[in-house]
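# return atomic coordinates for the entry below.
(chains A, B and C)
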Amino acid sequence: MAASGTLLVLFLFAHAAGNLKIFVGLPDFDHYAEWLRELGTPLLPHAWFLWIQRFGLLAAIGLHIWAATVLTIRAKKARPVKYAHRPKVQGSYAARTMRWGGVIIVLFVIWHILDLTLGVVNPATGDSDASQRVVQGFDPERWYVTLFYVLAVVAVGFHLRHGIWSAVRTMGQQTTKGERRAKAIALVLSVVLVAMYLSVPIAVTFGLVK
Amino acid sequence: MDIKVRVWRQSGPSAGGKMVAYDVKGISPDASFLEMIDVLNETLILDGDDPIAFDHDCREGICGACSMVINGVAHGPEKATTTCQLHMRKFKDGDVIDVEPWRAAAFPVIKDLIVDRSAFDQIIQAGGYISAPTGTAPDAHATPVPKKDADLAFEAATCIGCGACVAACPNGSSMLFTAAKISHLGLMPQGQPERDSRVIDMLQAQDDAGFGGCTNAGECTMVCPKGIPLSLIGRLNSDYRKAITKR
Amino acid sequence: MAATEFWSEGEPVVDKAAPDGPVETRWDRRKFSAKLVNPANRRKLTVIIVGTGLAGGSAAATLAEAGYHVKSYCYQDSPRRAHSIAAQGGINAAKNYRNDGDSVYRLFYDTVKGGDFRARESNVYRLAQVSVNIIDQCVAQGVPFAREYGGLLDNRSFGGTQVSRTFYARGQTGQQLLLGAYQALERQIGLGNVEMNARHEMLELIIVDGKARGIVVRDMVTGEISTEFADAVVLASGGYGNVFFLSTNAKGCNVTASWRAHRKGALFANPCYTQIHPTCIPESGSHQSKLTLMSESLRNDGRVWVPKAQKDTRKASDIPEDERDYYLERIYPSFGNLVPRDIASRAAKNVCDEGRGVGPGGLGVYLDFADAISRLGRKAVEAKYGNLFEMYERITGEDPYEQPMRIYPAVHYTMGGLWVDYDLQSTVPGLFVVGEANFSDHGANRLGASALMQGLADGYFVLPNTISNYLASGPFPKVTETDAPVVEARKQVEDRIEKFLSIDGDRTVDSFHRELGHIMWEYCGMERTEEGLTKAIGLIRALKEEFWTRVKVPGKGEELNQNLEKAGRVADFIELGELMCIDALHRRESCGGHFRGESQTPDGEALRHDDEFSYAAAWEYFGADGKPTLHKEDLNFEYVHPSTRSYK
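Here you go, the predicted model:
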C-alpha cells in the first residue's frame, strides 16, 4: 500500500502542477498537454513516454487496489461477528474512510478520464483541445459536475491525509515526535493538493478562466 | 443508581448469541464495573438464571484478564483504564449500557463475555523472547543499557496482553501487541541476536492466527489501558524491512 | 499449650535434606551431594507443575531447558496472568552495587530478623546466595529494570532496610519479572518441551505407592475431568490470602491445590502467619470484591493521621492541626511513618477500634501529602507518585492532591504454606512445593521485595537442582487410569462436583465466602485472642455445615461454570480457615504477622516466646471432622541470635 501509494502521490503532485498551467493562459496549457506527449522524443516515438507513465500508473493503481482488497478481505475475516454497538469513528475520520473513500476515488477517476482525457462525457467536441474540455466541462451551467469534482477532490484529500502519514509509518517512522511531524506534513500536503486541484474547476465555474 | 445493561449472552463456542437486557437497581457509584456485574450475577443465581460468565482476575488493572467492550469501546469510556478499574460513577443514573465480548476471529467466544486469547501466546511462542537458558547469564552489569533505551523498552513492556487493541481495531489486527514485544526486546542489547528472526516469525504467527492486517488506523492505542504508543508499530515495520532485506 | 480439644500433638518433623556445617557452604554441598540425572534420561521423566507465576513459570522453563518433559497447568487463560504480575515494589538481591555494605550475609541476617526468628537459617542463607544469580538471569532475558544515566542498574532501599538492594521496574516489577519467566516458558512450549494447559484447575493429587504421581484436573472450558501422570508433581499455586475474601490477591487465587495435597498427607505449616499490608484503599461498600494495594513508598512522604476526637465527621481540611493525631510519629518517634508493615497495620486498627477511623464505616486513616506538597511542590510530588495518585483517584473518585488519601490495612501475603524440606519436597515423596505455596523462607513475616526473590530463587535455581536428586531414582513404574488410587482420586473429584451441583440451596457461593472472610478478619486478622479464635472455630464449623446444605451452584459440570469453580475453592478455604484459627490459637505468642492480644509488652508491642515457640508448626490433616495433629520442627539459630525488634 505504502509503495504504490507513494508513486500515486508523486503523480498527483505532477498532475496538479500541470493543471495550474491553465492560469498562465489556455494556449500555454494546451502546449503543456502536447509537451507531455513529446516528452522523451526523439529517444522514444511520439507519446511513448506518456504511455510508459500511464502503464506505470495503472500498475501502481492495480497494486494499490489489490493490496487494499486483500486487507479488506482479511479484516472481514478477522471479525466475522460484528459489534452490536459500535461508535462509527473512534480514531481519525480520515483513517476510517479509507476504504469507501478509495472506492469513490476510483469511480471519480473513471469519470475524470472519460470526461477530460477521452472527452466522452464532455460537452466539447471530439478533437477539442485539452483547455476547451476544461473550460466547457466546468461551465457554470454544469455546476453539478464541478460540485462532484469538489467532493471527489476532498475525498482524495481525506484519503491522503491518512494515507501519506500511514505510508511513512509503514516505512518505519517510529518516534512520537516524528509521528506528529509526519501527521502535520500529511495534513499540509493534502490541503495544498486539494487547493491546487480545486482552483481550476472553481476558477472556470466562476468565470475566472475563460 | 439504577441502570440497564444489555449483555451478550452465548452459551458456548458454537452456540448463537444475543444481547439480553437486565435491570440493575441501587448500585453504588463507588462500585467497579465488574462489581456491578457481580451484584447482577448474585440476583441471577438466586432467580435460577445462568450468571454472566466473564474473565477477570487481579482487578487492579495489571493481569489483563478483564475484557469487555462497553458501549462499543474496548474497556469502556475511561481512557487508559481496564474494565476492572472502571467505576460506576463514570455512568449516570438511568443509563443503558451495552456490554459485548472482544470480537475477533482469532479470539473466539467461549461463553458470554469470555474469549479465547491463546493466539497471543502463540505469537510470543514464535519469537517473543530472548533465549537465555537459566544459569547462562553474565553479570547483570556486564552490558550497560542507555537509560533512554531502557525506559522506552519498559514502556513497551508494560503491555498487559489484554487484547483491547484487537477488539478496537477496525481490521481486527494484533499489530500493537506484537509491536510492543518487538520493541521491548529489540531495544535491549540482549535482544539483538534474535532481532531479525523474531520480527519475521512473530508476524508470521500473527497472520497464521487469523488476525487482520494493520492500516495504521490508530484505534488500538486509543483504547490501550497502558497507553502503548502507535509509534511502536513503526519500529516493528522498520525492523521487518531490515530483516527482510538482509534475508 | 499441649494437645487440646482442637488438636493433638504428634512426633516432631525433621528436615532430613538439610545439610549441616558452615552456613555458607551448605547449598554448595547439597548440590554436590544430590544425585544427577543423565541428560539422555531426562526426556523420559515427566514433571507436572501446577501454577505459572514466578515460581511455577520459572521452574517449568528451567526444567524443560534441562531436558525434562514438563506438563504445566494454570487456571488463568494464559500463564502470563498469574498473580505474581501484580507485585509492585521490587526484588532484593545482595549485589552490593551501591557499595553500601551489603552482602549475602547481610541479606540473610535481615531476612531472618525480619521474619521474627521463625525461619530456617539454611534456607534463608541459600535464598540470599541465589539472589544475585536471579538478577543476572532476568537481565539476560531482557527484563527492563530501571537504569541510571550511565546505563547501569538502579537500586532503591525498600521496606526499611539500611542498604539499597532492591532492583525495580517502575511500579511494575512483578509484571516484568513474570513476563521474563513467561517468555522463557513460551519458548519451551514452542519447542515442544512443555505441554501447556491453561484454564485447567487441579482438583486432586494422585498418590501411588506412597509417591506423588499425578493430579486430577478439570478443563474449565469443557468441564472434562482428566487424570494426568508424572514422575514428580510440583505445586506452585501461590498463597491463600483469599481465605479473607477481601485481600489484595487476584479473585482466582485459591488454596485448592495445596489443600488437596494437604488432605492427602502433605503437612501444612504455619498457616496463621498472614501479612497485612498497611496501605490499601479502604472498602467502599458491600459490593466490594477485592482490595487494592497502594505502594508502600507512599509512606516516605505521606503523614498518617486520624482526628483526636472520636466519630469526628468533619472534612479533613476542616480539622485543625492541633486536633489531629499523627499517631505513628507520636508512638514511634524514631521510625515515624516508616515503621514496618505489621506495626503500621496494627496501629491503624487500634485507632479505628477507638472510634477515630475516617471514611465510610470508620475503617480508614488519612495518609496526608499536604506537607510534602507544600515542602517539595506539587510538581515534585507528581513526579514521584503521579501514577499512584491517579490510581487512587480512579478507584475512589477523590483527588489526593486536594484531600488526604484514606488507607486501611488489607491481607496481602501468606507466609505459611505446605511444609517442605531443604529440597523443597513436602512430606509426600515426589511432591515439591515452590514459591508462596510453601512455608520455607520468610518465617513469621516477609520483608518487602522478598517475595519475588523467593519465587524466582525456588523456580530458577533451587528446585531444578534438588528435584534431580529425587528423579534420579526414576522413571517410576507406569501409572494407568485403572490403578486403584487413580480411580479413587478421580471419583473423589466427580463426587464432589456432583455434590455441589445437587445441593441446590438458597445461598450463593460468594455469600459464604464473604461470611468466612468476615469471621477470619474479625478473629484471625490483625489481632488474635484465645476467646476470639475459639469463637471463630465454632462459627467456621457452623458455616461449613451451612455451606454443604444451603449452597446454590447453578449450571452443569460439563461446561464453563465459574460458580462451580468458586464452590470448590470456598469449600477448601472454609477448612483452611479452621486450621488457621487452630494454628493461631496454639501459638500463644506474638511474632511477625501473628499478633496475639495476650502476648504483648506493657506498651503494646509484639512479645515472642522463644523458649516455647521457636519452631515451625506443621499440621497433619485428620479428616474433615477429626482433629489436626501438630508436628513441630525445631528452629535453631546458630548465626542470627533472636532479639527483640524495636522501632521506637
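# now C:G517, what's its secondary structure?
helix (DSSP: H, G, I helix; E, B strand; the rest coil).
# and it, how many neighbours?
20 (other C-beta atoms under 10 Å in any protein chain shown). All C-beta spots, glycine's among them, are computed from the backbone N, C-alpha and C.
# thought it was touching C:F245?
Yes. If you go by C-beta atoms under 8 Å, C:G517 and C:F245 touch, sitting 2.6 Å apart.
# wait, does the helix or strand of chain A with the lowest mean pLDDT contact chain B?
Least confident helix or strand of chain A, by mean pLDDT, DSSP states H and E, is helix A:93-96 with a mean of 82. Yes. Using C-beta under 8 Å from any C-beta of the partner chain, helix A:93-96 reaches chain B at A:A95, A:R96.
# list the buried residues in the helix or strand just after that helix.
The helix or strand immediately downstream of helix A:93-96 is helix A:98-112, counting by DSSP states H and E. Of the residues in helix A:98-112, A:M98, A:R99, A:G101, A:G102, A:I104, A:I105, A:F108, A:W111, A:H112 count as buried by neighbour count, 16 or more other C-beta atoms under 10 Å in any protein chain shown.
# hang on, the earlier thing: just the buried residues of the least confident helix or strand of chain A, please?
Neighbour counts over helix A:93-96 (16+ other C-beta under 10 Å) mark A:A94, A:A95, A:R96 as buried.
# any chance of the buried residues of helix A:98-112 in JSON lines, with pLDDT and distance to chain C too?
Below are these laid out as JSON lines (pLDDT from 0 to 100; distance: C-beta to the nearest C-beta, whole Å):
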{"residue": "A:M98", "pLDDT": "92", "distance to chain C": "33"}
{"residue": "A:R99", "pLDDT": "92", "distance to chain C": "33"}
{"residue": "A:G101", "pLDDT": "92", "distance to chain C": "38"}
{"residue": "A:G102", "pLDDT": "94", "distance to chain C": "37"}
{"residue": "A:I104", "pLDDT": "93", "distance to chain C": "42"}
{"residue": "A:I105", "pLDDT": "94", "distance to chain C": "43"}
{"residue": "A:F108", "pLDDT": "94", "distance to chain C": "48"}
{"residue": "A:W111", "pLDDT": "92", "distance to chain C": "52"}
{"residue": "A:H112", "pLDDT": "93", "distance to chain C": "52"}
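# among the residues you listed, which are in reach of chain B?
Filtering those for proximity to chain B (criterion: C-beta under 8 Å from any C-beta) leaves A:M98.
# which one of the buried residues of helix A:98-112 is nearest to chain B?
A:M98 (6.5 Å; C-beta to the nearest C-beta).
# my guess is that closest one contacts A:H162, does it?
Yes. Look at A:M98 against A:H162 with C-beta under 8 Å: they come within range, at 5.9 Å.
# part of a helix, is B:G127?
No. Looking at B:G127 with three-state DSSP, it is coil, so not inside a helix.
# isn't it right up against B:D196?
No. Contact criterion C-beta under 8 Å: B:G127 and B:D196 do not qualify, at 9.9 Å.
# the more surrounded of those two?
Comparing B:G127 with B:D196 by other C-beta under 10 Å, the one with more neighbours is B:G127, at 28 against 19.
# how about that one, what does it touch?
Residues near B:G127 by C-beta atoms under 8 Å, 6 or more residues apart in numbering or on different chains: B:E194, B:S197, B:R198, B:V199, B:I200, B:D201, B:M202, B:A205.
# any idea how far it lies from C:I503?
According to C-beta to C-beta, to the nearest Å, B:G127 stands 49 Å off from C:I503.
# repeat that for C:A232.
From C:A232 to C:I503 the distance is 36 Å (C-beta to C-beta).
# so the two - more neighbours on which side?
Shown here are C:A232 and C:I503; by other C-beta under 10 Å, C:A232 has more neighbours (26 against 16).
# and that one, its phi and psi?
phi -150, psi 150 (degrees, to the nearest 10).
# mind listing the residues bridging to it?
The partner list for C:A232 in beta bridges (DSSP bridges) reads C:V47.
# now do the contacts for it.
Counting by C-beta under 8 Å, 6+ apart, C:A232 touches C:L45, C:V47, C:I48, C:A212, C:G430, C:L431, C:F432, C:I467, C:Y470, C:L471, C:G474.
# check C:H262 too.
C:H262 sits in contact with C:F268, C:L418, C:W619, C:Y621, where contact means C-beta under 8 Å, 6+ apart.
# quick check: pLDDT value at the residue of chain A positioned farthest from its centre.
No residue in chain A sits farther from the centre than A:A84, which is 35.3 Å out by C-alpha atoms, centre = their mean. On the pLDDT scale, A:A84 is placed at 94.
# tell me how far it lies from chain B.
A:A84 sits 5 Å away from chain B, taking C-beta to the nearest C-beta, to the nearest Å as the criterion.
# now that residue. Nearest residue, chain neighbours left out?
Leaving aside its sequence neighbours, A:A84 sits nearest to B:M19 (C-beta to C-beta, 6 or more residues apart in numbering or on different chains; 5.3 Å).
# and the one you found, its phi and psi?
In terms of degrees, to the nearest 10, the main-chain angles of B:M19 are phi -80, psi 130.
# isn't C:S468 right up against C:V37?
Yes. Assessed by C-beta under 8 Å, C:S468 is found in contact with C:V37 at 5.0 Å.
# excluding chain neighbours, what is closest to residue 97?
Reading this off chain A. Closest to A:T97 by C-beta to C-beta, 6+ apart is A:F158, at 5.7 Å.
# oops, I was thinking of chain B
According to C-beta to C-beta, 6+ apart, the nearest residue to B:I97 is B:V5 (4.9 Å).
# so what pLDDT did the one you found get?
Looking at B:V5, the pLDDT reads 98.
# residues near it, how many?
21.
# now do the same for it: helix, strand or coil?
Assignment for B:V5 (three-state DSSP): strand.
# list the contacts of it.
So B:V5 contacts B:A21, B:Y22, B:V24, B:M36, B:I37, B:L40, B:V96, B:I97, B:D98, B:V99 (C-beta under 8 Å, 6+ apart).
# which one of the residues in the stretch 51-200 of chain C is closest to chain A?
Counting by C-beta to the nearest C-beta, the stretch 51-200 of chain C gets nearest chain A through C:P144, at 17.5 Å.
# which residues are in contact with that residue?
B:A150, B:A153, B:F154, B:A157, B:H184, B:L187, B:M188, C:A169, C:Q176.
# three-state assignment of it?
coil.
# wait, does the longest helix along chain B contact chain A?
As assigned by DSSP state H, the longest helix anywhere in chain B is helix B:231-246. Yes. Under the criterion of C-beta under 8 Å from any C-beta, chain A is reached by helix B:231-246 at B:S231, B:L232, B:I233, B:G234, B:R235, B:N237, B:S238, B:D239, B:R241.
# kind regards, and thank you for your time.
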